[in-house]
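S.K.: give me a model of this one.
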Amino acid sequence: MDDINLHYRFLNWRRRIREIREVRAVRYQERYKRMLKDGDTLSYQGNSDEVGCYVASRPLSKGNCYFEVTIMDTGVRGTIAVGLVPQYYKLDHQPGWLPHSIAYHADDGKLYNGNPVGQQFGPKCNRGDRIGCGIYADTFDAGLTTVFFTKNGKEVGSVVVPVAPDGLFPAIGMHSLGEEVRLDLQAEWGTEEEDSVMMVDSHEDEWGRLYDVRVSGTLLEYVGKGKSIMDVGLAQARQPLCTRSHYFEVEIVDPGEKCYIALGLARRDYPKNRHPGWSRGSVAYHADDGKIFHGSGVGDPFGPRCFEGDIMGCGIMFPRDYEDEVDDSETADDRPKPGRVQNFLYLYDEDEEEEGDDADQEQEGRKVMVFFTRNGKIIGKREVVVPTGGFYPTIGMLSSGEKVKVDLHPLSG
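M.R.: Residues are numbered from 1 along each chain as shown. Have a look, this model is predicted:
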């Protein structure tokens, strides 16, 4: 009889363990509605009249207190929200609209704190931007915590909120066709991140235009969809090349899927969805096929293909009488010094200078010699006309995973 009782007690024990596991599995299960989840990518699947919402399986905690969302596509309206909600939040409401939830909305830059009416909080967010949300782990006190939000690694603001009994769960809301984000629930935030943010900010100032490209120090990463030739990611420097800074370099850190990386020069108003070299007012050397593109979608054989670890360079050999239109605020310290690549600054030596009508030619529209390098050696040159406003260092990328390291002043000491 004792053996039978022991056997039944053992069966009850096993059943109880199975029930506990089932309850835990249900409790820690991500929830989403009107969204398609493919790995770490979420895309809206509604009809734009209804909200789609995602709630993560586990709340933020002292050991995991931050997450980030990268906007892959803003869709029709860019109504993307990132924030924190209770575990069983209603999935047909944007995060931040209902009590005990809070969210930063990309389309208007407003903060929604348990209310469908938001308050101005930060800048609007667009394709390629990263929105982060976290809690300060040391602020848990009597059911309250401080929630903060970031944009591209820089803190936007913070607010003290009550903590729901089950905790605060990462949530993403969407509300228009075509919206798509990439979710990183393991993103980190802390003192090391703050140090890197300072570096990111300083280098971000060097870029005048960034489309589907994320800056991290000297590293540029393609964050576009990479599904068609219209998904080009473009990075254009804030300042054009000049006689004092006439050369720049790019190192291929990761060739991505196709190594559709292009390096060259383009006019300031160059189209954002065109690889450098494809449209007028641009010239570029393309890594995937080694061709040069000069204002045309058809390239010419030019040099070798480039791969991971290769360093591609581009510069201008200016005529000796060329005059820059440069801001006087630049100091002599900015002038280039000898570097790895021979400083072919001028197109002609003094005894080879040509005199005549060409010397009186207007600055705009003058011809210069653009040259390209691979691993420190010049591979070719192309004579081009400088567009109004000058030639700006421009980098294009077009396939998933591409990363390059940029040095806009390699000849400066």
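
S.K.: specify the beta-bridge partners of Leu36.
M.R.: Judged by DSSP bridges, the bridge partners of Leu36 are Ser43.

S.K.: which ones are touching it?
M.R.: By Cβ atoms under 8 Å, 6 or more residues apart in numbering, the residues touching Leu36 are 42-43, 45. All C-beta spots, glycine's among them, are computed from the backbone N, C-alpha and C.

S.K.: tell me how far the ends of stretch 238-245 are from each other?
M.R.: The first and last residues of stretch 238-245 sit 13 Å apart, counting by Cα to Cα, to the nearest Å.

S.K.: next one: stretch 66-85 to chain centre, how far?
M.R.: Mean C-alpha position of stretch 66-85 versus that of the full chain (Cα atoms, centre = their mean, to the nearest Å) differs by 14 Å.

S.K.: typo on my end, stretch 78-96
M.R.: 24 Å.

S.K.: could you list the buried residues of that stretch?
M.R.: By neighbour count with 16 or more other Cβ atoms under 10 Å, stretch 78-96 contains the buried residues 78-87, 89, 91, 93-96.

S.K.: same check, this time on stretch 154-174
M.R.: Buried positions in stretch 154-174, judged by neighbour count with 16+ other Cβ under 10 Å: 156, 161, 163-164, 168-174.

S.K.: what of stretch 228-245?
M.R.: Along stretch 228-245, these residues count as buried under the neighbour rule (16+ other Cβ under 10 Å): 231-237, 239-245.

S.K.: now it, how far from the centre of its chain.
M.R.: Its chain's C-alpha centre lies 15 Å from the corresponding centre of stretch 228-245 when counted by Cα atoms, centre = their mean.

S.K.: please renumber the chain so that the first residue is 35 from this point on.
M.R.: With the count now opening at 35, the last piece we talked about shows up as stretch 262-279.

S.K.: so what's Asn307 up against?
M.R.: For Asn307, the contacting residues are 245, 264-266, 268, by Cβ under 8 Å, 6+ apart.

S.K.: pLDDT check: weakest of the residues you listed?
M.R.: The lowest pLDDT within the contacts of Asn307 belongs to Met264, which sits at 86.

S.K.: quick check: it is in a strand.
M.R.: No: residue state for Met264 (DSSP: H, G, I helix; E, B strand; the rest coil) corresponds to helix; a strand is not indicated.

S.K.: confidence score at the closest residue to it other than its chain neighbours?
M.R.: Leaving aside its sequence neighbours, Met264 sits nearest to Asn307 (Cβ to Cβ, 6 or more residues apart in numbering; 5.1 Å). Reading off the confidence values, Asn307 has pLDDT 85.

S.K.: and if you look at Glu56?
M.R.: On pLDDT, Glu56 comes in at 49.

S.K.: could you point out which element follows the lowest-mean-pLDDT helix or strand in the chain?
M.R.: For the chain, using mean pLDDT, DSSP states H and E, the weakest element among its helices and strands is helix 225-238, scoring a mean of 44. Next in sequence after helix 225-238, counting helices and strands by DSSP states H and E, comes strand 241-245.
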